[in-house]
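Trainee: Here is a sequence with its predicted model. Questions after.
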Amino acid sequence: MWDVMVPGWYHMLTQAGVAIIAVVTLIAAGLRYRAVCKRLTEKEAELSALLKEGDAQRRSFAYGNIKLHNPGITREQIAAIDRQRKS
């Protein structure tokens with residue numbers, strides 16, 4: 001009698017083991033996904049800050065060069081021209 005039941009129990013345990021491995025794999029994948037998303041969000045923030053710094057440097061450079069030839073120019077005018085250029 002035990003010979004007949006052992007394969008059935010073994011099959012159930014194997015299926016349960018596969019299901020547990022699948023769940024653990026999905027949880028690990030979810031954790032990796034969250035880590036990747038967090039890293040991408042951090043990189044996006046860094047890139048955004050870098051782009052803002054680049055914009056500020058570009059405006060400062062433009063202001064300095066134009067100020068040499070046109071002393072009446074203001075930083076606000078340069079910022080307005082930059083906003084027009086972006087839109």
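Mentor: Nice, I can see it. Numbering: from 1, shown residues only.
Trainee: and I73, what are its phi and psi?
Mentor: Here is the backbone geometry of I73 (degrees, to the nearest 10): phi -70, psi 150.
Trainee: That one reaches K67, doesn't it?
Mentor: Yes - contact criterion CB atoms under 8 Å: I73 and K67 qualify, at 5.6 Å. (Each C-beta comes from the backbone N, C-alpha and C, glycine too.)
Trainee: what packs against the lowest-mean-pLDDT helix or strand in the chain?
Mentor: Across the helices and strands of the chain, mean confidence by mean pLDDT, DSSP states H and E is lowest for helix 2-69: a mean of 81. Helices and strands touching helix 2-69, by 3 or more CB pairs under 8 Å, 6 or more residues apart in numbering; DSSP states H and E, are helix 75-86.
Trainee: what's the angle between the helix it packs on and helix 2-69?
Mentor: Helix 75-86 and helix 2-69 meet at an angle of 130 degrees, taking axes from the mean of the first three to the mean of the last three CA atoms, to 10 degrees as the criterion.
Trainee: which parts of helix 75-86 are buried?
Mentor: I78 (16 or more other CB atoms under 10 Å).
Trainee: which other helices and strands contact that helix?
Mentor: Using 3+ CB pairs under 8 Å, 6+ apart, helix 75-86 sits against helix 2-69.
Trainee: Look up how far V18 lies from the residue positioned nearest the centre of the chain.
Mentor: Centroid-nearest residue in the chain, with CA atoms, centre = their mean: L40, separated by 1.8 Å. Counting by CB to CB, to the nearest Å, the gap from L40 to V18 is 32 Å.
Trainee: tell me the contacts of A80?
Mentor: Neighbour list for A80: empty [criterion: CB atoms under 8 Å, 6 or more residues apart in numbering].
Trainee: quick one: it from I73, how far?
Mentor: Counting by CB to CB, the gap from A80 to I73 is 11 Å.
Trainee: how far away is the residue nearest to the centre of the chain from R34?
Mentor: Noted for L40: a distance of 11 Å to R34, by CB to CB.
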